[in-house]
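Q: A predicted structure for the sequence below; I have some questions about it.
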Amino acid sequence: MTGPMRWRRMPMEEESPEEFGYEKIKANLAESSMRDRTFKELDAKLDELVLLYGDHRGHRGAREILATEARVAADDVLLCAGAAMALFVVHTTLLGPDSHLVVVRPNYATNLETPFAIGCDTTFIDLTFDAGYRIDVDVIARAITPQTRLVSITTPHNPTGVETDEHTLRALVAICEERGCHLLVDQTYQDMTDQAPLPMVAGWSDRCITVGSVSKTYGVPGLRSGWLISTDSSLMTRCLAAKEQIVLTGSMVDEALCFAVLQKRAQWLPGVKEHILGQRAMVQAFMRDEKRLEWVRPTGGVTAFPRVRESVPFDGARFYHTLQHDYGTMVGPGHWFGQPDRCFRLGYGYPTASELSWGLVAISKSLDSVG
Ligand SMILES: Cc1ncc(COP(=O)(O)O)c(C=O)c1O
């Protein structure tokens, strides 16, 4: 493909709660994050912050915290305006029309859409319900060609909440090292796991790239603060050049607040996890009783990806319309992820317990009305 980037809006963004209007939604089960926090909760004292162009790689203190965690150097960390920008920088730095990408599907939409906009040759690795949405390393290995520049996965996975285990991840790293391509692991949900989180893979090999952000676990997506991490210094120089050409430097305000959030993580995380487990238990009870739905039970993130059983009569357009307009409940339809609308993303971290309860009843009632 030649010509300009093939920009088009993603359904996930066009139909998002913020575009629809938060005030019109009673139960927002469409989000993939914790409930949004207020500025006040950050306890950040910004009155003396000097609004100069900052460090080109991003706030030094924030980078040091992340570097220590990833077991890399502070200069191996590049702060970006959200994981979204970090993904854009990685994709546009490594991929062009002549290169080949191997990427799992379903996935967070940007991980599929930016490669589409670039026009690179793409092999989709379809994760299936029947395989528990787990990654098969051999399938990925067979998809890699001499033109492959990047293998791209997400764990904990959006939309399913399924995690890739360390053994599988290490096998993928070994394959990418052997075949000479990079491995992008979108670890945006890294801290949201039942067991201890996997480390940032960027610390394992210079072939690995970790992308992450404070948005989801800490409920601050409006900060637009994320990062990419890699010990491949040549790659990092090019990523830094990309950042400089996009924004020069990050927002001093956002980066100072990102630093404040990173310092608050240990204090906030127990409450976050308690909320996630309580909410997931509600969803689990619902899934046990709602026989028209089936799912792969998630162990990470704050989303699940249930589907309406094939045997159940289903009109997707009517179901989502009824749910949204009659019951004020929003979920993420399958087409946001390039999947059939019998599947939907159910975000259980964002709503309060009573909103979630309302939303789950609304799902059943909407199924009644289209059955
Ligand atoms: C897997 C994944 N990566 C990246 C992002 C982007 O997040 P942000 O730009 O807010 O950090 C999202 C948001 O939904 C996501 O689910």
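A: Arrived safely.
Q: Could you list the contact residues of the stretch 1-150 of the chain toward the ligand?
A: By Cβ under 6 Å from any ligand atom, the residues of the stretch 1-150 of the chain that approach the ligand are 32, 82-84, 108. Placement of C-beta: from N, CA and C, glycine included.
Q: Drop anything exposed from those residues.
A: 32, 82-84, 108 (16 or more other Cβ atoms under 10 Å).
Q: Mind putting those into JSON lines with secondary structure and pLDDT?
A: Converted to JSON lines, these look like this (DSSP: H, G, I helix; E, B strand; the rest coil; pLDDT from 0 to 100):
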{"residue": "32", "secondary structure": "coil", "pLDDT": "97"}
{"residue": "82", "secondary structure": "helix", "pLDDT": "98"}
{"residue": "83", "secondary structure": "helix", "pLDDT": "98"}
{"residue": "84", "secondary structure": "helix", "pLDDT": "98"}
{"residue": "108", "secondary structure": "coil", "pLDDT": "96"}
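Q: The helix or strand where residue 284 lies: which residues count as buried?
A: For residue 284, the element it lies in under DSSP states H and E is helix 252-289. Of all the residues in helix 252-289, those buried under the rule 16+ other Cβ under 10 Å are 252, 254-262, 264, 268, 272, 275-276, 279-280, 282-283, 286-287.
Q: cool, stretch 305-323 as well?
A: 305-308, 314, 316, 319-320, 322-323.
Q: what do you get for stretch 141-155?
A: 141, 143-144, 148-155.
Q: gap between that stretch and the chain center?
A: Stretch 141-155 sits 19 Å away from the centroid of its parent chain (Cα atoms, centre = their mean, to the nearest Å).
Q: can you check stretch 192-211 too?
A: Counting by Cα atoms, centre = their mean, stretch 192-211 is centred 14 Å from the centre of its parent chain.
Q: ditto for stretch 259-276
A: 18 Å.
Q: What of stretch 278-295?
A: The answer for stretch 278-295 is 23 Å, by Cα atoms, centre = their mean.
Q: Could you export that stretch as PDB, CA atoms only?
A: Provided in PDB are the C-alpha atoms of stretch 278-295 (Å, rounded to 0.1, in the frame of the first residue of the first chain):
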ATOM      1  CA  GLY A 278     -16.500  -8.200  44.800                       C
ATOM      2  CA  GLN A 279     -17.800  -7.000  41.500                       C
ATOM      3  CA  ARG A 280     -16.600 -10.100  39.700                       C
ATOM      4  CA  ALA A 281     -18.300 -12.300  42.200                       C
ATOM      5  CA  MET A 282     -21.600 -10.500  41.200                       C
ATOM      6  CA  VAL A 283     -21.000 -11.100  37.600                       C
ATOM      7  CA  GLN A 284     -20.100 -14.800  38.300                       C
ATOM      8  CA  ALA A 285     -23.400 -15.300  40.200                       C
ATOM      9  CA  PHE A 286     -25.200 -13.700  37.300                       C
ATOM     10  CA  MET A 287     -23.500 -15.900  34.700                       C
ATOM     11  CA  ARG A 288     -24.300 -19.000  36.700                       C
ATOM     12  CA  ASP A 289     -28.000 -18.100  36.600                       C
ATOM     13  CA  GLU A 290     -28.300 -16.600  33.200                       C
ATOM     14  CA  LYS A 291     -28.400 -19.700  31.100                       C
ATOM     15  CA  ARG A 292     -28.600 -17.900  27.700                       C
ATOM     16  CA  LEU A 293     -25.000 -16.600  28.200                       C
ATOM     17  CA  GLU A 294     -21.700 -18.400  28.400                       C
ATOM     18  CA  TRP A 295     -18.200 -17.000  29.100                       C
END
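Q: what's next to it, contact-wise?
A: With Cβ atoms under 8 Å, 6 or more residues apart in numbering as the test, stretch 278-295 has contacts from 129, 297-298, 302, 304-309, 312, 346, 348-349, 351, 353, 356-357, 360, 363-364, 367, 371.
Q: what's the answer for stretch 5-20, then?
A: 25, 28, 30-31, 109-110, 113, 116-119, 324, 330, 332-333, 335-337.
Q: where does the stretch 101-250 of the chain have low pLDDT?
A: Along the stretch 101-250 of the chain, no part satisfies pLDDT under 70.
Q: Just the helices from it, written as ranges.
A: 110-118, 137-143, 166-179, 233-246 (DSSP state H, counting those that start in this stretch).
Q: Quick one: list the elements packing against the last one.
A: By that I understand helix 233-246. On a contact count with 3 or more Cβ pairs under 8 Å, 6 or more residues apart in numbering; DSSP states H and E, helix 233-246 meets strand 77-80, helix 82-94.
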